[in-house]
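Asker: sequence and predicted structure are below.
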Amino acid sequence: MYLYGASGHGRVIKEILESLNQKVDGFIDDNPSVNEQLGLPVQHSAETVDEVIVTIGDNGMRKRVAEKLRCKFAKGIVHPKAVFSHTASIGEGSVVMAGAVVNAGTVIGNHSVINTCASVDHECQIGDYVHIAPGAHLCGLIQVGEGTLIGAGASVIPCVKIGRWCTIGAGAAVVSDVPDGATVVGVPGRIVWRTSVPNR
Ligand SMILES: CC(C)(COP(=O)(O)OP(=O)(O)OC[C@H]1O[C@@H](n2cnc3c(N)ncnc32)[C@H](O)[C@@H]1OP(=O)(O)O)[C@@H](O)C(=O)NCCC(=O)NCCS
């Protein structure tokens, strides 16, 4: 198993894999000056590797890298000290970190991150390339579209639909639906700007 992205995010995922007794063979990184990370070799091409997790924190960059790779992605991984419902599911390349809770019937897409101590309650739909940052809390029946970042410590009330490639600011309280490309901050959350989002 190789980790694409020799950054802090990659270090955390390496330790999760080790706590699951899964061997990490090395890192891959585009930066030619990084040749070693945490005692593991860093290579600069994915051509010879069998299985990869893209360990880049930025959602857009994670998508760009995942789409250009031609290797197999690891099945979703869950830290042994996370709570993950047996009726929830997780897609390839996704990671659930320590202290996170994912409750009944929730579906997590591919290459997404449920970060430290975040919670995603029952029957949520989390798209691909999403990042639920540390300490963010999603109530039940919430939809989060592709590429969206839910910032650290943000909260989302039940049944809200958050679009694709949105940014929910740290500490925001999202109390109504959020359109694609919107940035929301504050309590209650307000849209402060919007960018256009390409079609799928
Ligand atoms: C919302 C956010 C994306 C804005 O980032 P930015 O575009 O760099 O914006 P700036 O820092 O220039 O701030 C612009 C204004 O928004 C305010 N602001 C920024 N973040 C805010 C937040 N989370 N809540 C309320 N106001 C916020 C700033 O105070 C500033 O106000 P001002 O114009 O009155 O001075 C960012 O601050 C944020 O919260 N990101 C989430 C980060 C995160 O949780 N990452 C997880 C990593 S694991």
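Answerer: Looks like it came in fine.
Asker: contacts and neighbour counts: CA atoms only from here.
Answerer: Will do.
Asker: so Glu51 makes contact with Met1?
Answerer: Yes: with contact defined as Cα atoms under 8 Å, Glu51 reaches Met1; the gap is 5.0 Å.
Asker: which residues are in contact with both of those two?
Answerer: The contact sets of Glu51 and Met1 overlap at Ala74 (Cα atoms under 8 Å, 6 or more residues apart in numbering).
Asker: and Trp76, what is it in contact with?
Answerer: Small correction: residue 76 is Gly, not Trp. Contact analysis of Gly76 by Cα under 8 Å, 6+ apart lists Ile90, Gly91, Glu92, Gly93, Ser94, Val95, Val96, Asn110.
Asker: and the pLDDT at it?
Answerer: Gly76 is assigned 98 on the pLDDT scale.
Asker: and the residue nearest the centre of the chain, what is it in contact with?
Answerer: Centroid-nearest residue in the chain: Val113, 1.9 Å away (criterion: Cα atoms, centre = their mean). Val113 is in contact with Ser94, Val95, Val96, Met97, Tyr129, Val130, His131, Ile132, Ala133, counting by Cα under 8 Å, 6+ apart.
Asker: phi, psi for it please.
Answerer: Val113 adopts backbone torsions of phi -130, psi 120, taken as degrees, to the nearest 10.
Asker: distance check, it against Asn35.
Answerer: Separation of Val113 from Asn35 (Cα to Cα, to the nearest Å) stands at 26 Å.
Asker: can you check Ala46 too?
Answerer: From Ala46 to Asn35 the distance is 14 Å (Cα to Cα).
Asker: tell me the domain ranges of the chain?
Answerer: 2-73, 77-186 (automatic domain parsing).
Asker: and the longest one, anywhere near the ligand?
Answerer: Yes: in terms of Cα under 6 Å from any ligand atom, part of domain 77-186 sits within range of the ligand, namely Ala133, Gly151, Ala152, Gly169, Ala170, Gly171, Val185, Gly186.
Asker: just the shortest one next, same as before
Answerer: No: where contact is defined by Cα under 6 Å from any ligand atom, no part of domain 2-73 touches the ligand; the two come within 7.2 Å at best.
Asker: okay, buried residues for the helix ranked longest in the chain please.
Answerer: For the chain, the longest helix by residue count, based on DSSP state H, is helix 8-19. If you call a residue buried by 16 or more other Cα atoms under 10 Å, then helix 8-19 has these buried ones: Gly10, Arg11, Ile13, Lys14, Ile16, Leu17.
Asker: lowest average confidence, helix or strand, in this protein?
Answerer: strand 36-37 (a mean of 90; mean pLDDT, DSSP states H and E).
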